[in-house]
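Predicted model follows, preceded by the sequence.
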Amino acid sequence: VISPRTGRNHTRTLPLRLASVRTGPQHTFEVVTRGISAYTDALETFGGATAGDRLVLPDLVKLGRVPTSKRLRGLTGGRTSRRIGEGTELRDIHPLTPGTPLRRVDWRTTARRSPDLIELYARRTYAGSEAQAMIVVDSRDDVGPDVHAWRGSEPLPVDEATSLDLARHASASIAQAFIDAGDRVGLEDLARRRRPLAPAGGKRHLRRILHALALTAPLGRAEREARAPQVPGDAIVYLLSTMLDDEPVRLVASWQADGIPVVVIDTLPYVAPIGEKHMRLAWTVTSMEREDRIRALTARGIPVVRWASNVGEQAATRFESLVRTAGRHGGQGSIRLGSARQSGGGQGGGGGQASPVASGGPR
């Protein structure tokens, strides 16, 4: 209730500030002004004001090192490949061959091995390369902590992050980690049938990814993809999904068959307590099916990282653990993330083609 000031043509300005954890297209506010007479207690509507919609970009969290594919590309970049070229990591000392720059001649080795300078010896290094990643966002559904709002008939509160908000947050953080390391990253939206953002690098491309993430939204009924999105063969796939149906498991199996490493990010928020018995029973069945899908992915060697509210630091620790495991057991930083074909006898990873993942940090 606002008491007007005396005087003619007097205008009062009322500041209004809103806070929300939601991202993407957001309706801000609508104000309706009504006047009440001090003598008749009659209400009269004078008008109102409506603020325009806003496109809220997702926040970024510093992740540090993230898993990458061991198959690098290019002859320049912040990572070390296994090919000979311009780089900083020494490979070996080799007799000078045609085309080798004279600045690479190792005169100490030459003086030791060939004192009469009949043969020169040069230093050979590993070439620098860059990693490539493809972020696939399963935006076919957008659910919050309240199970009652999953039917879509009730509005989602602005103070509770939904699964799509968490997916935007995680995708933006992963993209920033790759771009900060000098790598390339692309974006694919499962709900929108349009061309994906091709892998690229740089701060401008990061802004394009943030804008595309803010525009992700469910479109109609969730449908099954005819085929898995095509990704570069030397890239690693980050699949962000709620795991509420079997589609993510089918996509992961398709990528694994092509030898592409995959990391799954579970973006379902923590579900609030449910009072109704029938709703509680329905969620129990749904959660059991979800856990079965996660266990199936884990049995195939696919790491599943939980990304719920306020777990950005836990996700960074989980990524760092995956990177260290890759460097410790993979020789050159590769790790077997499951097999494309299971051999007979026993569960989990059997024989078949494995998906390599390399440690993800600039050397």
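Nice, I can see it.

CA atoms for contacts and neighbours, from now on please.
Noted.

looking at it, Leu63 is touching Ala175, isn't it?
No - using Cα atoms under 8 Å, Leu63 is not in contact with Ala175; the gap is 10.0 Å.

So which of these two has more stuff around it?
Ala175 (25 against 22; other Cα atoms under 10 Å).

Nearest residue to the more buried one in space, ignoring adjacent ones along the chain?
Once flanking residues are discounted, Ala175 sits nearest to Val185: 6.3 Å by Cα to Cα, 6 or more residues apart in numbering.

I figured that neighbour hits Met134, correct?
Yes - using Cα under 8 Å, Val185 is in contact with Met134, at 5.6 Å.

per-residue confidence for the residue nearest in space to the middle of the chain?
Taking Cα atoms, centre = their mean, the centroid of the chain lies closest to Ser171, which sits 2.8 Å from it. What the model reports for Ser171 is a pLDDT of 94.

Please renumber the chain so that the first residue is 738 from this point on.
Got it, first residue is 738 now, which makes that one Ser908.

For it, give me its contacts.
872, 874, 950, 977 (Cα atoms under 8 Å, 6 or more residues apart in numbering).

Doesn't it belong to a strand?
No - using DSSP: H, G, I helix; E, B strand; the rest coil, the assignment for Ser908 is helix, not a strand.

Could you tell me how far it is located from Ser876?
Going from Ser908 to Ser876 by Cα to Cα, to the nearest Å gives 12 Å.

Please enumerate the helices of the stretch 788-937 of the chain.
In the stretch 788-937 of the chain, the helices defined using DSSP state H, counting those that start in this stretch lie at 844-850, 900-917.

How many residues are close by Ala786?
Neighbourhood size, Ala786 [other Cα under 10 Å]: 10.

Beta-bridge partners for it, please?
The partner list for Ala786 in beta bridges (DSSP bridges) reads Val768.

wait, isn't it in contact with Glu767?
Yes - using Cα under 8 Å, Ala786 makes contact with Glu767 at a distance of 5.9 Å.

and the closest residue to Leu981 other than its chain neighbours, what element?
Nearest residue to Leu981 in three dimensions, chain neighbours excluded: Arg1027, at 5.9 Å (Cα to Cα, 6+ apart). Taking DSSP states H and E as the criterion, Arg1027 maps to helix 1014-1036.

next one: that helix to chain centre, how far?
24 Å (Cα atoms, centre = their mean, to the nearest Å).

Reduced to three states, what does Ile1039 come out as?
Quick answer, by three-state DSSP: Ile1039 is coil.

So what does it have for phi and psi?
The phi/psi pair for Ile1039 (degrees, to the nearest 10) reads phi -90, psi 120.

picking up where we left off before, enumerate every residue touching the residue nearest to Ala912.
Val922 neighbours (Cα under 8 Å, 6+ apart): 869-872, 912, 915-916, 935-938.

which of those residues count as buried?
For these, a burial check counting by 16 or more other Cα atoms under 10 Å picks out 869-872, 912, 915-916, 936-938.

any idea which of those is closest to Ser991?
Nearest to Ser991, judged by Cα to Cα, of those is Met871 at 14.9 Å.

Without its sequence neighbours, what residue ends up closest to Trp844?
Using Cα to Cα, 6+ apart, the nearest residue to Trp844 is Tyr858, at 7.4 Å.

Verify the stated contact: Ala972 with Gln869.
Yes - counting by Cα under 8 Å, a contact exists between Ala972 and Gln869, whose distance comes to 4.7 Å.

Residues in contact with both of these two, list them for me.
Common neighbours of Ala972 and Gln869 (Cα under 8 Å, 6+ apart) are 805-806.

how about Ala1052, what does it touch?
800, 1042-1044.

what helix or strand is it on?
With DSSP H and E as criterion, Ala1052 is part of helix 1049-1066.

Could you point out the bridge partners of Tyr975 in the sheet?
Under the criterion used (DSSP bridges), Tyr975 bridges to Ile872, Val1000.

Identify the residues contacting it.
870-873, 999-1002.

let's go with 7 Å and repeat that
Tyr975 makes contact with 871-873, 999-1001 under the criterion Cα atoms under 7 Å, 6 or more residues apart in numbering.

I figured Leu956 hits Arg930, correct?
No - the criterion here is Cα atoms under 7 Å, and Leu956 misses it with Arg930 at 10.0 Å.
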